[in-house]
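**Student:** fold the following, please.
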Amino acid sequence: MKKMNALKAAFPFTIPIFAGFVFLGISYGIFMNKLGFSFWYPTFMAMFIFAGSMEFIAGNLLLLPFNPLNAFVLALIINARHIFYGISMLKPFENSGKKKFFLIYGMCDESFSINFSVKAPENVDKHWFMFFITVLNYLYWVLGSFLGGVLGNFIKFNTKGIEFVMTALFVVIFLEQWKNKEGNISSIVGIVVSAICLIFLKEKVFIIPSMIIILIFLSIMRKKLENRRHIEEELV
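**Tutor:** Coordinates of the predicted model:
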């Protein structure tokens with residue numbers, strides 16, 4: 001019953017992710033199909049890599065001479081932001097038991113956004129709630145990749161630009177968090193720091209410096225933000 005309640009509570013929050021992941025997963029499967037790979041490749045890569053944009057790059061890497069060091073450096077650069085996600089989720093993942101292993105493995109951008117910003121309903125176990133958020137998003141991506149790999153031989157229309165679905169999804173998540181008024185300060189810090197770094201640094205390298213600076217700012221402001229949250233909860 002505990003698990004079923006958590007699944008029912010988690011599912012509605014993943015519906016927008018379902019739409020985005022299935023579309024993007026299909027585009028990824030089609031992309032791999034056009035490179036000449038069987039549908040098993042995008043399916044298993046989605047299952048075991050589960051790294052979004054890195055999977056697109058991995059498709060091209062499979063066609064190049066074997067260079068594991070280059071692949072490692074690329075993966076580290078592209079997914080370094082997950083280091084900061086992990087730091088942010090240290091406390092929420094506490095006491096989650098064996099579920100913690102999959103929570104860490106399956107923590108993509110979208111799962112992090114939901115698990116970090118959304119509180120589980122009062123009658124729902126928060127760890128099972130986060131677990132099912134992560135599992136559902138994982139399954140959506142694998143399903144989309146599988147469908148794209150299978151349908152790649154039949155779909156002929158131009159899918160260029162379909163990846164913008166995820167950009168739109170992040171805008172919606174940001175607006176929902178802003179409406180909740182819990183993350184306004186952190187959101188403002190994120191916007192200002194990212195904009196400054198984008199102006200002074202190149203577009204391809206501004207993300208990691210931005211995250212480092214944001215982490216420092218929020219660490220300094222942590223006590224103030226926590227006190228403000230406690231005051232707001234007492235007023236409610």
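**Student:** what helices and strands are in contact with the lengthiest helix in the chain?
**Tutor:** The longest helix of the chain (DSSP state H) is helix 2-34. Under the contact definition 3 or more C-beta pairs under 8 Å, 6 or more residues apart in numbering; DSSP states H and E, helix 2-34 sits against helix 40-48, helix 53-61, helix 109-117, helix 126-151, helix 164-179. The way it works is simple: take the backbone N, C-alpha and C, and place the C-beta from them, glycine included.
**Student:** stretch 94-113: how far from the chain's middle?
**Tutor:** Distance, stretch centre to chain centre, for stretch 94-113: 11 Å (C-alpha atoms, centre = their mean, to the nearest Å).
**Student:** export that stretch as PDB, just CAs?
**Tutor:** C-alpha atoms of stretch 94-113 as PDB (Å, rounded to 0.1, in the frame of the first residue of the first chain):
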ATOM      1  CA  GLU A  94      19.400  10.200   3.700                       C
ATOM      2  CA  ASN A  95      17.800   7.000   5.200                       C
ATOM      3  CA  SER A  96      16.400   5.900   1.800                       C
ATOM      4  CA  GLY A  97      17.900   2.400   2.200                       C
ATOM      5  CA  LYS A  98      18.500   0.300  -0.900                       C
ATOM      6  CA  LYS A  99      16.500   2.700  -3.000                       C
ATOM      7  CA  LYS A 100      19.400   5.200  -2.700                       C
ATOM      8  CA  PHE A 101      21.400   3.300  -5.300                       C
ATOM      9  CA  PHE A 102      18.800   3.700  -8.100                       C
ATOM     10  CA  LEU A 103      18.000   7.300  -6.900                       C
ATOM     11  CA  ILE A 104      21.700   8.100  -7.600                       C
ATOM     12  CA  TYR A 105      22.000   6.200 -10.800                       C
ATOM     13  CA  GLY A 106      18.700   7.500 -12.300                       C
ATOM     14  CA  MET A 107      19.200  11.200 -11.200                       C
ATOM     15  CA  CYS A 108      18.800  13.000 -14.500                       C
ATOM     16  CA  ASP A 109      18.000  16.700 -14.900                       C
ATOM     17  CA  GLU A 110      14.300  16.200 -14.800                       C
ATOM     18  CA  SER A 111      14.200  13.800 -11.900                       C
ATOM     19  CA  PHE A 112      16.500  16.100  -9.900                       C
ATOM     20  CA  SER A 113      14.200  19.100 -10.700                       C
END
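**Student:** domain assignment for this structure?
**Tutor:** What the record gives for the chain is the domain set 2-163, 181-236, from automatic domain parsing.
**Student:** of those, which stretch is the most buried?
**Tutor:** Each of these was scored by mean neighbour count; the highest is domain 2-163, a mean of 17, by mean count of other C-beta atoms under 10 Å.
**Student:** re the thing from before, among the helices and strands packed on helix 2-34, which is nearest residue 205?
**Tutor:** In terms of C-beta to C-beta, the element of the helices and strands packed on helix 2-34 nearest to residue 205 is helix 53-61, at 15.7 Å.
**Student:** just checking, what packs against that closest one?
**Tutor:** Helices and strands touching helix 53-61, by 3+ C-beta pairs under 8 Å, 6+ apart, are helix 2-34, helix 40-48, helix 68-79.
**Student:** how about a markdown table for these, with distance to residue 91 and mean pLDDT added?
**Tutor:** Formatted as a markdown table, those follow (distance: least, C-beta to C-beta, whole Å; pLDDT from 0 to 100):
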| stretch | distance to residue 91 | mean pLDDT |
| --- | --- | --- |
| helix 2-34 | 19 | 89 |
| helix 40-48 | 28 | 94 |
| helix 68-79 | 22 | 81 |
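**Student:** out of the ones you listed, nearest to residue 102?
**Tutor:** helix 40-48 (12.5 Å).
**Student:** before I go, just wanted to say thanks for your time.
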